[in-house]
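Asker: Below: sequence and its predicted model.
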Amino acid sequence: MRLILLGPPGAGKGTQALRLVDRYHIIQLSTGEMLRAAVKAETAIGLRAKDIMASGALVPDEVVVGIISDRIAEPDAEKGFILDGFPRTVPQAEALDALLKSHGLSLDAVVELRVNESALLHRVEKRVAQMSERGETVRLDDTPEVLSKRLASYRAQTEPLVHYYSERRKLLTIDGMMTIEEVTAEIQRVLDALQATEKKIAAKSSRRRAPAKTSVKASAKAVARQSAPAKPKTSQKSKTPKAAEKASKTAGRTKTAAKRPAKAKTAKKPAKQVVKNVTKRRTRLTKGR
Ligand code: ADP
């Protein structure tokens, strides 16, 4: 399972990510946490990111893309991951697409936690109070002033990703104003439903692909038979020239079809159907509740 959690600061991404880690046995990759660790360790990246983060602005794309690219390549990411806080800009999303493609991977879903902005300040204040109570170091950027800057950069740079992933049929929007438990249950419900649908689709399309293999094989055999001149029993021998010409044209076509496996006639339709089904299903998942 490969997921993205999308939502403004205070939406509950971190909390829900931890629960998803437990449920799906995948890892959480939080760019915010990685950057805070880098700041603490005073690495080159940390030194570069420190002031930017404290001001509530975004760290340059190439820095976070570099971090994620290295992290995704590690063995513990093989089973899957939840990206929390990444991507945060359209160029980051495009870089992620390219990165996943280069690893032969794809995203399962983008879970957007939608919350009222008015609730966010209160949530962050509560988080700060709880952290102080536990004796934990409070984040430098968890002040009302910096929070409003973080919200502004979310609106300007990250919110366009809602459209980006909705266009790519990956978006699942969850009402983040419910209780933590309710949000967890709702995320699980939509992801379980999504997994079940994807399994069904995969099973269907593999059943549909099966005959295509046979026909490509059969076409290849036919081509081999027709283009083997030394054999005494070629079918062309007994044909009229016109029929022979037709046969050789057909053979040419078959050869091309054999070179471009299954795609030509067989795979296109199911692929369209798959997209349709996923689209229908996702619409039902998010709207038809
Ligand atoms: P939030 O609670 O705002 O979601 P995070 O812990 O995810 O906070 O991130 C904290 C800060 O780290 C951000 O305000 C930003 O400066 C930096 N940061 C984290 N992820 C990214 C990213 N993908 N791109 C750019 N900057 C990032």
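Answerer: On my side now, so go ahead.
Asker: check whether stretch 25-44 contacts the ligand.
Answerer: Yes - Stretch 25-44 lies within reach of the ligand by Cβ under 6 Å from any ligand atom, at 31-32, 35. C-betas here are computed from N, CA, C, even on glycine.
Asker: between the residues you listed, which is nearest Ile174?
Answerer: Gly32 (20.1 Å; Cβ to Cβ).
Asker: Do I have it right that that closest one meets Gly85?
Answerer: Yes - at 4.5 Å, Gly32 and Gly85 qualify as touching, with contact defined as Cβ atoms under 8 Å.
Asker: the more surrounded of the two?
Answerer: Taking neighbours as other Cβ atoms under 10 Å, Gly32 and Gly85 compare with Gly85 leading, 24 against 19.
Asker: Pipe the residues of stretch 25-44 next to the ligand into a markdown table and attach pLDDT and secondary structure per row.
Answerer: Listed next are those as a markdown table, based on pLDDT from 0 to 100; DSSP: H, G, I helix; E, B strand; the rest coil:
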| residue | pLDDT | secondary structure |
| --- | --- | --- |
| Thr31 | 96 | helix |
| Gly32 | 95 | helix |
| Leu35 | 96 | helix |
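Asker: Just give me the closest of these to the ligand.
Answerer: Closest approach to the ligand among these (Cβ to the nearest ligand atom): Gly32, at 2.0 Å.
Asker: Could you pull up the residues touching Leu83?
Answerer: Going by Cβ atoms under 8 Å, 6 or more residues apart in numbering, Leu83 touches 3-5, 29, 31, 68, 96.
Asker: Please repeat the previous calculation with a cut-off of 6 Å.
Answerer: Shown in contact with Leu83 (Cβ atoms under 6 Å, 6 or more residues apart in numbering): 4, 29.
Asker: That one sits in which helix or strand?
Answerer: strand 81-84 (DSSP states H and E).
Asker: Next, see if that strand gets close to the ligand.
Answerer: No - counting by Cβ under 6 Å from any ligand atom, no contacts exist between strand 81-84 and the ligand, the nearest distance being 6.7 Å.
Asker: Would you give the sheet partners of that strand, along with the direction of each?
Answerer: strand 2-6 (parallel), strand 27-30 (parallel) (DSSP bridges).
Asker: where do the helices sit along the chain?
Answerer: Residue ranges of the helices in the chain, as given by DSSP state H, are 13-24, 31-41, 44-55, 61-72, 90-102, 117-133, 144-153, 160-167, 180-226, 241-259, 268-287.
Asker: Kindly tell me how buried the residue of the stretch 101-250 of the chain found nearest the ligand is, as a neighbour count.
Answerer: Taking Cβ to the nearest ligand atom, the ligand has its nearest neighbour within the stretch 101-250 of the chain at Arg150, 4.7 Å off. Neighbourhood size, Arg150 [other Cβ under 10 Å]: 23.
Asker: what does His25 give?
Answerer: When counting by other Cβ under 10 Å, one arrives at 10 neighbours for His25.
Asker: what's the answer for Gln92, then?
Answerer: Gln92 has 22 nearby residues by other Cβ under 10 Å.
Asker: Not including adjacent chain positions, what is the nearest residue to it?
Answerer: Leaving aside its sequence neighbours, Gln92 sits nearest to Asp61 (Cβ to Cβ, 6 or more residues apart in numbering; 5.3 Å).
Asker: so that neighbour sits right up against Ala93, yeah?
Answerer: No - counting by Cβ atoms under 6 Å, Asp61 does not reach Ala93; the two are 10.1 Å apart.
Asker: The residue nearest to the spatial centre of the chain - nearest residue in space that isn't next to it in sequence?
Answerer: Taking Cα atoms, centre = their mean, the centroid of the chain lies closest to Leu107, which sits 1.8 Å from it. Taking Cβ to Cβ, 6+ apart, and ignoring the residues beside it in sequence, Leu107 has Arg2 as its nearest neighbour in space, at 5.2 Å.
Asker: Tell me where the model's unsure across the stretch 151-289 of the chain.
Answerer: Within the stretch 151-289 of the chain, the stretches with pLDDT under 70 are 211-289.
Asker: Give me every residue in the stretch 51-200 of the chain lying close to the ligand.
Answerer: Residues of the stretch 51-200 of the chain lying near the ligand (Cβ under 6 Å from any ligand atom): 52-53, 56-59, 64, 85-86, 88, 92, 141, 150.
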